[in-house]
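>>> Test case, fold it:
(one chain, ligands or ions: 1)
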Amino acid sequence: MFTIRHDWTLDEVLTLLQQPFNDLLFQAQQAHRQHFDANRVQVSTLLSIKTGACPEDCKYCPQSGHYNTELEKEKLLEVQQVLHEAQQAKMQGATRFCMGAAWKHPSKKEMPYVLEMIKGVRALGLETCMTLGKLDEQQTKELADAGLDYYNHNLDTSPEFYNQIITTRSYADRLQTLNYVRESGMKICSGGILGMGESLADRAKLLIELANLPEHPESVPINMLVKVPGTPLADAEDIDPFDFIRMLAVARIMLPKSHVRLSAGREQMNEQMQALAFLAGANSIFYGDKLLTTGNPQAERDRDLFARLGIQPEQRHDHSDESHAATIEQYVLEQRTSNLFYNAAEQRA
Ligand code: SF4
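Residues are numbered from 1 along each chain as shown. Alright, predicted model coming up:
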């Protein structure tokens, strides 16, 4: 029985991480099946509402103004444009709309536009999610009052390794924002990035920080570093894929009721690795804003993979991602009845 705990120690987590791979995956599957349908995966979508020129110096990020990554910068999108994109997303089947801005924090001038976006997207009947950087108590309250459902704010790594990756803000600031978000009643999405040169202990400590919060984040993205030319981590050493899977499995054990999201870096993973990630307990994926383009090949590949693994998109009854889920579910059903789908039951009969 995997209980909800908030008192994890470093020794315990290191032991979990270093046990034989098969034992770890077996435990993670047990934890996963205790709270979730193991063959369901949640899907989310994202729009960048303000891109690049960020004053923070996160060494992994192409949007930081400190590095030259030839990224095309964009000012804060007009509210009407965001609502147009949200409408398009809804027509594509999405029911949750995530909006991200590359800011240190939202300014007084920008807040009214952000609040209008939340209200407008909600008025379209979509669930809302935002990532805007550091928040103060008043801003958090304003976002919650406007109807924001989720706030994303990643811890990235351990407190000890943090200042080797980011020097323009502190770990304590991150925790304070998470605290404001929790107190406001919004849901939390918070996780980290692997493959930045951190030690095994740093990875364990990241999970300890997340699991030892007074309440576990509802969503925990585990990212694999995407090495972007021009950023200081462009030549970082690759993480062993099995070590990445181990982290997903331990996250599943320590945060048994949270959605563990296989997030950035998924494009670099082959299908076998993604299948292992789902086996380890990852049960959420991110499509990204490209979903809004019809015929997105990445989305097609995801649907194919779901069909081949017999995975269904998670059905939610709080109006999130439901019709989007239905679209994918229909596709999976079509694949099952097509000649391409190998029906093991039929073969045995
Ligand atoms: S705060 Fe966000 S957008 Fe800005 S550099 Fe860091 S990761 Fe990139």
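
>>> Kindly report the residues of the chain close to the ligand.
54, 56, 58, 61, 63, 64, 102, 133 (C-beta under 6 Å from any ligand atom). No exception for glycine: its C-beta is placed from N, CA and C like everyone else's.

>>> If we use 8 Å, what do you get?
For the chain, the residues in contact with the ligand (C-beta under 8 Å from any ligand atom) are 54-58, 60-66, 100-104, 131, 133, 154, 166, 169.

>>> Weed out the non-buried ones from the residues you listed.
Using 16 or more other C-beta atoms under 10 Å as the burial test, the residues of the chain next to the ligand include 54, 56-58, 60-64, 100-103, 131, 133, 154, 166, 169 as buried.

>>> Inside strands: which ones of these?
100, 101, 131 (DSSP state E).

>>> Which residue, other than its chain neighbours, is closest to the last one?
When the adjacent residues along the chain are set aside, residue 131 lies closest to residue 152, with 3.8 Å between them (C-beta to C-beta, 6 or more residues apart in numbering).

>>> Residues in a beta bridge with the one you found, which ones?
residue 189 (DSSP bridges).

>>> Just want to check the distance between it and residue 124.
The gap separating residue 152 from residue 124 is 20 Å, by C-beta to C-beta, to the nearest Å.

>>> out of those two, which sits in the busier spot?
Between residue 152 and residue 124, residue 152 has the larger neighbour count (other C-beta atoms under 10 Å), namely 21 against 14.

>>> so where do the helices sit in the stretch 101-250 of the chain?
Along the stretch 101-250 of the chain, counting by DSSP state H, counting those that start in this stretch, helices occupy 111-123, 137-146, 159-162, 171-184, 200-211, 241-254.

>>> how close does the residue positioned nearest the centre of the chain get to residue 136?
Centroid-nearest residue in the chain, with C-alpha atoms, centre = their mean: residue 221, separated by 3.6 Å. Distance, residue 221 to residue 136, by C-beta to C-beta: 24 Å.

>>> Please apply the same query to residue 65.
22 Å.

>>> Count the neighbours of the closest residue to residue 190 other than its chain neighbours for me.
The shortest distance from residue 190 to any residue other than its chain neighbours is 4.5 Å, reached at residue 217 (C-beta to C-beta, 6+ apart). Neighbour count for residue 217, taken as other C-beta under 10 Å: 26.

>>> Would you check how far apart residue 217 and residue 145 are?
For residue 217 relative to residue 145 (C-beta to C-beta), the value is 22 Å.

>>> Could you do residue 200 as well?
In terms of C-beta to C-beta, residue 200 sits 42 Å off from residue 145.

>>> quick check: mean pLDDT across stretch 207-222?
On average, the pLDDT along stretch 207-222 is 96.

>>> which parts of it are buried?
Applying a neighbour-count criterion of 16+ other C-beta under 10 Å, one finds 207-211, 213, 216-222 buried in stretch 207-222.

>>> Helix or strand: which one has residue 86?
Element membership of residue 86, judged by DSSP states H and E, is helix 79-91.

>>> Provide the contact partners of that helix at residue level.
45, 47, 49, 77, 97, 99, 113, 116-117, 120-121, 124-126, 291-292 (C-beta atoms under 8 Å, 6 or more residues apart in numbering).

>>> Quick check: of the buried residues of stretch 207-222, which lies closest to residue 181?
residue 217 (9.5 Å; C-beta to C-beta).

>>> Distance of that closest one relative to residue 258?
6 Å.

>>> ok, residue 229 touching residue 69?
Yes: the pair residue 229 / residue 69 is scored as a contact, 6.9 Å apart, by C-beta atoms under 8 Å.
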